[in-house]
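[1] Fold the following.
(8 chains)
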There are 8 protein chains.
Amino acid sequence: MRELLEAVAAGECSPAEAEAKLNGYVTEEAGRFDAARDTRRGIPEAILAEGKTPEQVASLATTALETTGRALVTRLEDTHFAALEERLEETVPDAAVDRRGATLLATAADHDRPALEATVAIVTAGTVDGPVADEAALICVDAGLAVDRIDDVGVAALTRLIDQVERLRAADVAIVAAGREGALPTVVAGLIDTPVIGVPVSSGYGHGGDGEAALAGMLQSCTVLSVVNVDAGFVAGAQATLIARAIDGARTSGS
Amino acid sequence: MRELLEAVAAGECSPAEAEAKLNGYVTEEAGRFDAARDTRRGIPEAILAEGKTPEQVASLATTALETTGRALVTRLEDTHFAALEERLEETVPDAAVDRRGATLLATAADHDRPALEATVAIVTAGTVDGPVADEAALICVDAGLAVDRIDDVGVAALTRLIDQVERLRAADVAIVAAGREGALPTVVAGLIDTPVIGVPVSSGYGHGGDGEAALAGMLQSCTVLSVVNVDAGFVAGAQATLIARAIDGARTSGS
Amino acid sequence: MRELLEAVAAGECSPAEAEAKLNGYVTEEAGRFDAARDTRRGIPEAILAEGKTPEQVASLATTALETTGRALVTRLEDTHFAALEERLEETVPDAAVDRRGATLLATAADHDRPALEATVAIVTAGTVDGPVADEAALICVDAGLAVDRIDDVGVAALTRLIDQVERLRAADVAIVAAGREGALPTVVAGLIDTPVIGVPVSSGYGHGGDGEAALAGMLQSCTVLSVVNVDAGFVAGAQATLIARAIDGARTSGS
Amino acid sequence: MRELLEAVAAGECSPAEAEAKLNGYVTEEAGRFDAARDTRRGIPEAILAEGKTPEQVASLATTALETTGRALVTRLEDTHFAALEERLEETVPDAAVDRRGATLLATAADHDRPALEATVAIVTAGTVDGPVADEAALICVDAGLAVDRIDDVGVAALTRLIDQVERLRAADVAIVAAGREGALPTVVAGLIDTPVIGVPVSSGYGHGGDGEAALAGMLQSCTVLSVVNVDAGFVAGAQATLIARAIDGARTSGS
Amino acid sequence: MRELLEAVAAGECSPAEAEAKLNGYVTEEAGRFDAARDTRRGIPEAILAEGKTPEQVASLATTALETTGRALVTRLEDTHFAALEERLEETVPDAAVDRRGATLLATAADHDRPALEATVAIVTAGTVDGPVADEAALICVDAGLAVDRIDDVGVAALTRLIDQVERLRAADVAIVAAGREGALPTVVAGLIDTPVIGVPVSSGYGHGGDGEAALAGMLQSCTVLSVVNVDAGFVAGAQATLIARAIDGARTSGS
Amino acid sequence: MRELLEAVAAGECSPAEAEAKLNGYVTEEAGRFDAARDTRRGIPEAILAEGKTPEQVASLATTALETTGRALVTRLEDTHFAALEERLEETVPDAAVDRRGATLLATAADHDRPALEATVAIVTAGTVDGPVADEAALICVDAGLAVDRIDDVGVAALTRLIDQVERLRAADVAIVAAGREGALPTVVAGLIDTPVIGVPVSSGYGHGGDGEAALAGMLQSCTVLSVVNVDAGFVAGAQATLIARAIDGARTSGS
Amino acid sequence: MRELLEAVAAGECSPAEAEAKLNGYVTEEAGRFDAARDTRRGIPEAILAEGKTPEQVASLATTALETTGRALVTRLEDTHFAALEERLEETVPDAAVDRRGATLLATAADHDRPALEATVAIVTAGTVDGPVADEAALICVDAGLAVDRIDDVGVAALTRLIDQVERLRAADVAIVAAGREGALPTVVAGLIDTPVIGVPVSSGYGHGGDGEAALAGMLQSCTVLSVVNVDAGFVAGAQATLIARAIDGARTSGS
Amino acid sequence: MRELLEAVAAGECSPAEAEAKLNGYVTEEAGRFDAARDTRRGIPEAILAEGKTPEQVASLATTALETTGRALVTRLEDTHFAALEERLEETVPDAAVDRRGATLLATAADHDRPALEATVAIVTAGTVDGPVADEAALICVDAGLAVDRIDDVGVAALTRLIDQVERLRAADVAIVAAGREGALPTVVAGLIDTPVIGVPVSSGYGHGGDGEAALAGMLQSCTVLSVVNVDAGFVAGAQATLIARAIDGARTSGS
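    Numbering: from 1, shown residues only, chains lettered A, B, ... in the order given. All right, here's what the predicted structure looks like:
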């Protein structure tokens, strides 16, 4: 610990980094960022932008970048993005930023992303499922997985889906996002023998709208699925990462 | 009317038949049977056995037979069946009885069933959907439609379903019964261009059980479906009958 | 296929049209338009404006017009309409535009609309049900059906409804839209012997508001109805079209 | 009070009667009977048999008879009835017993029932609504109102209802019981200008079953209705009694 | 009828008035106003401003004024009010306007309001219940009833309520509006023997908020209440009017 | 530990008691009894009989008695009671048994119950709330609190409640159990300044039945209440015990 | 009373203060402020800003300050705050203002806050729970309790929580606020033997969002908890105050 | 195919086995058994006993044994078990039967169970979660996985759980079953970095009972979890099997 404090004194290590190393988390006005989650759980803490001010998001993301080498922000709007972009330019100008829909992954130039031997298929039924799939995808990208994205294969036109069976079978784990009646994960899981994680999407109006029909349908599925909450792309991506990483671990340590 | 009353006096017409002809309904201790519904709506009134005593069911069914030539009983249990059988033996011994699951269709020997040029496909996802499909089927049979029953083609094993596409396409209208996630009507409606009526079935436990997930899913379907209530085989069958009869009418009156 | 590609090369066929003919769908930045749905299902794919940007809607509608001869847009707002109008002026200036409430049907000048021998009655309980009925009506119009619109015949004033029984009976199929307690489809279905499709409308506040009471009431109806989801005018219109087209087919092919 | 206690001492007044007069309620092992409710509210307390043992019901009913001259028991089963009958034979053998369905009204021979100049119409949609209407009717009978019962006039066959409009208009207040979609009170209230109280009935299965669709529909009614809970015949009858009694009071005190 | 048309020709009667007298309703672009409802039901049709444009509301209200002598508008916002005020100034400048919260009653100068011998107590638990009570009050005022408004007597401070028992007992019927737990109608109904109509109010947040706890509590009340939907002040006022008018009728016709 | 094991060897301590002292819990075929909960939390673990066989209940209760000096069993039926009684006779014949409704407290003869200087008022609205109040009461009795039970003071008859205000004010904490609309805790909390814990009771039928209206109403209360789940008498009693014990601790340690 | 009126006449006492002393409440255009609640219940009435105009809030808060020496405003927004600040500057310029999130406590300079010997621990799972905890905290502060705030100890990182067990044990009562799955109060209550009050927080999206999962989970807790409604920080703080004050009372009056 | 038919002719292969090999499924009166599911999906089809007669279960299980070498029956009762036992004795007397709670795994003597290098931890919060965990465990056993069962580590006593962290970390995947508030999977997932599958259990009464609180809580979890439906032990076990098998595959094929 002495060493660390000396590094802080010498300006080689920011106080936030030091706090993260000592405590496992960093406290700021904007809240507390759990830098140790990555070590503890294998998944970095995501920063949920929804309900936070642009400044809070910018501040937490910068802390994340400084202490863990990357920052994952979900459910962000343009105002969050603007504030974050500006802050990064000031503090971590060489960070790489990958924004997809409402999700953003910023990576420090010197961050050493692992390269895993494992693939996640991320499948959507229609256009409206895209942002949820994006959220899932960036978590997997950050973890070093290969992501194979298969879009617009909803069950109303089965042939589109059947055309993709080989790609689906080639993946180690599949995330399937679908709204409205949410039948796609069931149909996919009937075609392949890898684990499938269903993500209900909050599309649809009227009875069973907001993803409730899709969630209930996935929980009732007559095939084998596990499920995450409505729109919970992050959780699906993180769970797929844990599975794929275990497979990668087995692959690379096998003999 | 004079004629009718003379027929009653002469014993050629039972008082119940006469009441039905005059009033359109017959009042008994067991309730009131709406004999005119057939004329008004093209669909005979069904007798819902659930919540009635065996004697009430037997009595209402006998009245139906005497006044309309047939009796359709739904949701009946063995005790209802026994009472009904016994009563029929006494009063209408030559009636033909067709019981499927919890549904029963009794037809008087001299009843002149129409023969329509129209076919209804009745499709089930699994064994548990059988009784609901039976309820739908007997209404169609009574109306003189051809019924093509296609069972056990749930979406977890798509190839079974795809094998039956030709039969599905050959029908004029399709009833598709499915429980749990209720995805089958959506998938069927994506494959054919005839009207599809979805019937949610009250299978499944946990969240979305009792047919609620299936109902919500069918209402949210990304294809074109109309839907009836959970387990409402009678309504599905009757709606299919109205559609098929209109097609038959057009066929036979076309030039 | 050679022929097609030569037509593209010659500028006689847009790449989108060619993609639609070859693949059955067209991929654009704004999403994928399913041009083959019309062939597969007899119902063109509708473009749901809700949740899309004005540019996405304009782009998808233009593609639809170019590949299928017409474009059906539902749940559009004025900003969508403005963008679409402007785009059409640039690209398909001779398209005819029929906007009713939040629904729009654009038809290319050279589109050959079929003329079917079949009528759909579209019935509303009150003013608030109008936009849902409009959505249903335009689908039927596009399909070439005759539409008989009967408005403001809610059950609180029965005589208004009873005055219209003859028109109701003259139609081949009826769509009945009603909010609040949603009793109108039940009462209509008790008066006629053609198929009735109930559409719950999201009017009403308090318990059972947002169309939930109307939906539950239609599912519980003591007559014969099939039902679509709350505000799902498109689905009701499309289902009515499938039924009416089958009747027309029988009529014109009968002998 | 001295007088009362002397009457007890002399055996002219039972201790229960005395307690009722002094306290307004009587405490027994089976619970506490609120004899003063009649005075306070104009409606005697009903004894809900459901969830009580036959002995408790018999005991409470006997107390009610002794202290208020009558006993109203709701939701009773045959075992309750048997115990009550036996107890009455022992203790109040000359009581008159009027049992309708699951409701029972016992009246002491010397009870002086009022005769009010007011009529309540009690209307049902179908057979299944009978017991709830019975519960409402007996409260009104006990209060001395004229009850006009109009049965089996559900909205699926409007002409039956329209035949009864004159009787409906002749009543001072109407109770309308209906299950499933519960549309009858709305249609009745559209035809008359007396107050209508809707009672949803717990019939129907599937979505909106157990009276929930009927309740929501009555609350959403586009006419003027007030509503009581599902199957709450007692409350409807008691509310109608309060209204009719006020009308009677005005009638008899008018000048 | 001749007479009427001559009056129109002579400009003594507007075409709208004539249509109202002949048809019972008036059709305008803004919808159809049911002028005959007053005759049929004893309650004029209210114009629900919510979901209508200011112009539609102004137009329907003017029609109502011209054909029935008054206009009742509910759930109006300031923009509706402004448009309505302006229109009235142009067309019916001598109309009297009584606006309370979101409800407005306009009365033509020559409208002959009845004066009934009957009083309605309108009771609120707290400030938030005021607008719903206002809605109920104006219907009663329009009908010619005396309204006794008793505010801020919620159950958290029982003594305030108990102080008002005499006023409550003096009324012919009571409307009690309460949000959150909605206990006030139950407590009031335990204190008086006149009919009580409970109106749940959409206050409260969290579980049971939006008036759902209040509605459920009133339906479960252990006293005698009838209930209208959440915030349905109009329905409560109209039902109270029907009751009070019947009492008035009995009073004035008694002998 | 040596000492303990020698006591076991000497037969002075049962193996179960020794396991409880060492591990804090005792494992049996019937499950694991958490003997240390008492120490950890100040509240002994209750044995929920529902869903267990009579033998399991008897076995767990005997273990509880042997290791903690008493056994608290909730939601037991007569078969559980019979098995328990028989087992106790064999193994702990001198235990004192206090059964109230579905709750039972058995106490070993040598158990040293504390005597606390604190009183809990336990209040019910009606007879049906009794068993839930019993469950709460026995926990308090076991903890050595004085229990003041105030029954049948529901809000439909306020004077009964107002008569008891002095007793309510004298208690240190109040538990108020009420079903149906659940208004009693709100009214009680408006009258006193000690903490009130509301317990919804699963009485009532129709909408809001099974205690849901009461729960929602208590959560929405316009006074200050905390709440436990429907029928959770044990939790209410335990929470009251924790509060009362803290007050007793302050009292006896004050200076 | 004479004395009071003379004080008013002399300008020593504002009319509002006098009204509060005489009636227990003060009536203003903005509503009625219940100044006597403090005396009656030991908890001052809070002013719920939500749904009120800035002027109404400013007016009610000033009245509260003048009559009870402090004003507690909950759920206020910046516009409310601005109006209140301005008004206070004019009327009570020396009031101390403590704003935390959406809650504000203003205290008159001469207000004599009690100093109680009792501590409340207020615990949050994460940043999003802060405002609800703030609401609870200010009530306790106002009552003179010591508040120990323990933040960001959610169950996903147990060690953070376990580090705080000593502080938790030192408090007399604990309020635990948590959203999403709401597990924190259960885990806290398993670690300490003081009363725990759970406050569900309306965070989380998808199924069980808006605090519903947290509420249900706390009600189902396998430890001993009492619960308040979602986001009801005020109620939790007030209940904790009642408990802590009773403990303080026992402490200071013990001997 | 010729070969197969000759084997049938020679009696070396039962017709059922032959049908299974040719069609992938076997049709019997009791329903259709999907023998090919194992090949297609890597998970054998389970036979859900609930809702089937003992004879149907016995028949389907025998077919499963004959065609796939084992039979997995879920949700069976004693009557199912008796019928099955008897049938097996007659037809497959050397089958090994492993019954745990309501789940049964029968294995033919010559069945070659795989031995995978992968471990599943199956964790329960309390006794009541046992049967659901049993259902999950037998699927894993059948698949050849090592199962490490960790029972009774609910969150009310954290130390029990913390004692087991090493075992939890040693597994490749964890299934965590919990009822009531369902917090255990969240706490477990916060402690380890392997994938966790949460299974809500239908324990608990009152609001959120029947597993609904547990399900909602797991979906809202602030850690990374995927979830299956309430009581869906089979699905959890099957999903864990797919994950563990992929890890095993990677292990054994790695180099």
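[2] Next up, the contacts around whatever residue of chain A ends up closest to chain F.
    Using CB to the nearest CB, the closest approach of chain A to chain F is made by residue A:207 at 18.5 Å. Yep, even glycine has a C-beta here, placed from its N, CA and C like the rest. When contacts are counted by CB atoms under 8 Å, 6 or more residues apart in numbering or on different chains, residue A:207 touches A:213, B:215, B:216, B:219, B:220, C:211, C:212, C:215, C:229, C:230.
[3] quick check, it in a strand?
    No: the assignment for residue A:207 (DSSP: H, G, I helix; E, B strand; the rest coil) gives coil, which keeps it out of a strand.
[4] near chain B, which residues of the stretch 51-200 of chain A show up?
    A:125-126, A:154-158, A:162, A:180-183, A:186-187, A:189-191 (CB under 8 Å from any CB of the partner chain).
[5] mind listing which of those are in strands?
    Counting by DSSP state E, no part of those is found in strands.
[6] Return the mean pLDDT over stretch A:238-255, rounded to an integer.
    The pLDDT scores in stretch A:238-255 average 89.
[7] Do any residues in that stretch lie close to chain H?
    Yes: contact between stretch A:238-255 and chain H, assessed by CB under 8 Å from any CB, occurs at A:238-239, A:242-243, A:246-255.
[8] same thing with stretch A:58-78?
    No: on the criterion CB under 8 Å from any CB, stretch A:58-78 is out of touch with chain H, staying 12.9 Å away.
[9] just how off-centre is that stretch within its chain?
    13 Å (CA atoms, centre = their mean, to the nearest Å).
[10] again, but for stretch A:243-255
    Distance, centroid of stretch A:243-255 to centroid of chain: 20 Å (CA atoms, centre = their mean).
[11] just to revisit the earlier point, same for chain D: which of the contacts of residue A:207 are within range?
    B:215, C:212, C:215.
[12] Pick out the residue of the stretch 51-200 of chain A closest to chain G.
    Closest point on the stretch 51-200 of chain A to chain G, by CB to the nearest CB, is residue A:51, at 6.5 Å.
[13] So that residue is in contact with residue G:127, correct?
    No: with contact defined as CB atoms under 8 Å, residue A:51 does not count as touching residue G:127 (9.1 Å).
[14] And the two? Which one has more around it.
    residue G:127 (19 against 10; other CB atoms under 10 Å in any protein chain shown).
[15] Could you check how far the more buried one is from residue A:57?
    12 Å (CB to CB, to the nearest Å).
[16] Equivalent analysis for residue A:212, please.
    29 Å.
[17] now the strands for chain A?
    A:26-28, A:31-33, A:47-48, A:70-74, A:96-100, A:103-107, A:119-124, A:146-150, A:173-178, A:196-200, A:226-227.
[18] and those strands as JSON lines, adding mean neighbour count?
    Conversion of the strands of chain A to JSON lines gives the following (neighbours: other CB atoms under 10 Å in any protein chain shown):
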{"stretch": "strand A:26-28", "mean neighbour count": "17"}
{"stretch": "strand A:31-33", "mean neighbour count": "23"}
{"stretch": "strand A:47-48", "mean neighbour count": "22"}
{"stretch": "strand A:70-74", "mean neighbour count": "25"}
{"stretch": "strand A:96-100", "mean neighbour count": "14"}
{"stretch": "strand A:103-107", "mean neighbour count": "24"}
{"stretch": "strand A:119-124", "mean neighbour count": "26"}
{"stretch": "strand A:146-150", "mean neighbour count": "18"}
{"stretch": "strand A:173-178", "mean neighbour count": "30"}
{"stretch": "strand A:196-200", "mean neighbour count": "31"}
{"stretch": "strand A:226-227", "mean neighbour count": "33"}
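[19] To residue C:8, which of those lies closest?
    When the strands of chain A are compared by CB to CB, strand A:146-150 sits nearest residue C:8, at 27.1 Å.
[20] Can you name the residues in contact with that closest one?
    For strand A:146-150, using CB under 8 Å, 6+ apart, the contacting residues are A:116, A:118-124, A:133, A:137, A:140-141, A:164, A:167-168, A:170-171.
[21] could you redo the last one with a cut-off of 6 Å?
    Under the criterion CB atoms under 6 Å, 6 or more residues apart in numbering or on different chains, residues A:119, A:120, A:121, A:122, A:123, A:137, A:140, A:141, A:164, A:167, A:171 lie in contact with strand A:146-150.
[22] Likewise for stretch A:80-88?
    Contacts for stretch A:80-88 (CB under 6 Å, 6+ apart): A:49, A:54, A:57, A:58, A:61, A:62, A:95.
[23] now do stretch A:225-243
    By CB under 6 Å, 6+ apart, stretch A:225-243 touches A:43, A:46, A:74, A:120, A:132, A:135-136, A:139-140, A:143, A:173, A:175, A:185, A:189, A:196-200, A:202, A:211, A:215, A:218-219, G:206-207, H:195, H:197, H:219, H:224, H:226-228, H:239, H:243.
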